[in-house]
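> Here is my input, please return the structure:
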Amino acid sequence: MRFGAAGFDGQLARIAAPGHATYIRAMMMLKKLRALFAAALLALPLPAVAKGNDADPALWVVKDADTTIYLFGTIHVLKPGLTWFDDGVKTAFDASDDLVLEMIQPPAAEMQGIVLKAGFTTEGKTLPEKLAAPDRAAYLKALSGFGLPANALDRADPWLAATQLSLIPVMKSGYDTSNGPETVLSAAAKAAGKKVIGLETAEQQIGYFDTLPETLQIAFLNSTVKDLPEVNKSLAGMVDDWSAGKPERLGKTLNEGMRDTPEIGRVLLTDRNIRWADWIGTRMQQPGTVFVAVGAGHLAGKDSVIAQLKRHKLKAVRVKY
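Modelled structure (predicted):
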């Protein structure tokens with residue numbers, strides 16, 4: 001559920017190049033969309049959040065004579081008050097020279113430009129017009145249920161509408177990326193002067209969704225709308241399994257939706273796991289200690305990064321702590 005050297009000014013120049021008026025309309029749409037979602041979220045009461053919960057998520061290590069690579073699975077959003085950055089995880093992080101994440105989060109303005117460029121269109125059919133009648137009715141009902149007008153996402157690509165809709169119940173329940181491991185680890189790395197490396201760029205991650213054929217994007221949106229009532233229940237179960245260090249159960253939950261659309265599973269999961277395992281295999285040729293933190297779903301199952309390491313004759317061992 002998640003969504004540069006050129007900088008934000010460069011992004012704007014490229015977006016505006018096809019036509020200044022088109023760019024202005026798109027920018028106005030994005031600002032309006034952000035305001036609508038902010039209003040919807042502010043209208044939803046947040047439940048009380050338990051404090052002081054201890055979590056012991058799974059951690060693995062791959063090592064040889066002079067290289068150690070820790071593998072840590074993350075949940076990208078968490079509620080405040082969950083204690084996980086201690087014990088074995090903190091020990092492994094402190095011992096590491098570098099932090100490796102799926103991507104280094106760009107500044108908000110730069111990310112806005114990336115999403116604006118990839119996720120909106122000003123021509124052709126509106127999003128509701130692209131949906132079959134029953135799917136359109138379910139989609140419009142979801143918007144209404146969140147207090148959003150029927151045209152709120154008219155010019156969004158289906159993948160962007162899906163990701164935005166899925167965020168509303170998550171944010172309503174008190175989850176936040178600022179409490180997620182990536183944010184916490186990045187801040188700790190900066191404070192400790194550790195190098196931070198991204199396996200991918202923001203453009204790449206957005207591109208995985210944006211380059212999907214529209215038929216698959218629509219299937220993704222329809223599936224998201226169908227699952228909205230269960231989002232919080234599913235996420236709570238994932239956080240429980242993550243906290244208890246049960247990667248296989250977590251991976252099954254995270255990845256089971258991929259079976260419905262295996263083409264999406266290949267792009268978003270399997271192919272990336274292969275590339276990341278290749279990166280680890282190459283990095284093992286250099287001495288040092290590295291802490292790799294990627295989404296927990298990438299470290300569980302038959303196609304996981306851990307499984308792909310076997311092609312490099314490497315074995316990841318679970319760290320007991």
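
> Tell me where the stretch 151-300 of the chain has strands.
Using DSSP state E, counting those that start in this stretch, the strands found in the stretch 151-300 of the chain span residues 195-200, 288-295.

> Can you mark which positions in stretch 173-189 are buried?
173-175, 177, 179-186, 188-189 (16 or more other C-beta atoms under 10 Å). (Each C-beta comes from the backbone N, C-alpha and C, glycine too.)

> L268: which of those is nearest?
Proximity of these to L268 (C-beta to C-beta) peaks at E182, which lies at 17.2 Å.

> Report the separation between the closest residue to D66 other than its chain neighbours and A192.
Distances taken as C-beta to C-beta, 6 or more residues apart in numbering put P287 closest to D66, at 3.9 Å, once the chain neighbours are dropped. Distance from P287 to A192, counting by C-beta to C-beta, to the nearest Å: 19 Å.

> just checking, which of the strands of the stretch 151-300 of the chain sits deepest inside the structure?
strand 288-295 (a mean of 21; mean count of other C-beta atoms under 10 Å).

> CSV for the strands of the stretch 151-300 of the chain, including mean pLDDT and distance to T67?
Putting those into CSV (pLDDT from 0 to 100; distance: least, C-beta to C-beta, whole Å) gives the following:
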stretch, mean pLDDT, distance to T67
strand 195-200, 98, 15
strand 288-295, 97, 6
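
> so which of the ones you listed comes closest to D240?
Using C-beta to C-beta, those put strand 288-295 closest to D240, at 16.7 Å.

> Can you tell me the strand partners of that closest one and which way each runs?
strand 67-74 (parallel), strand 98-103 (parallel) (DSSP bridges).

> And for that strand, what's in contact with it?
66-76, 92-93, 95-102, 181-182, 185, 199, 254, 276, 280, 283, 305 (C-beta atoms under 8 Å, 6 or more residues apart in numbering).

> Helices of the stretch 51-200 of the chain, start to end?
Counting by DSSP state H, counting those that start in this stretch, residue ranges of the helices within the stretch 51-200 of the chain are 87-95, 108-119, 127-130, 133-145, 158-172, 181-192.

> Quick check: which of these is buried the most?
Burial of the helices of the stretch 51-200 of the chain is given as mean neighbour count (mean count of other C-beta under 10 Å); helix 158-172 ranks first at a mean of 21.

> what's it packed up against?
helix 20-42, helix 108-119, helix 127-130, helix 133-145, helix 202-210, helix 214-227, helix 231-243 (3 or more C-beta pairs under 8 Å, 6 or more residues apart in numbering; DSSP states H and E).

> The residue located most distally from the centre of the chain and K315, how far apart?
In the chain, A65 marks the outermost C-alpha relative to the chain mean, sitting 33.9 Å out by C-alpha atoms, centre = their mean. Separation of A65 from K315 (C-beta to C-beta): 15 Å.

> what number of residues lie near the residue nearest to G281 when sequence neighbours are not counted?
In space, and not counting its chain neighbours, G281 is closest to H312: 3.6 Å by C-beta to C-beta, 6+ apart. Close neighbours of H312, defined as other C-beta atoms under 10 Å, add up to 14.

> T282 now?
T282: 10 neighbours (other C-beta under 10 Å).

> cool, L221 as well?
Applying other C-beta under 10 Å, we find 28 residues neighbouring L221.

> Wait, it touches A162, no?
Yes: counting by C-beta atoms under 8 Å, A162 is a contact partner of L221 at 4.3 Å.
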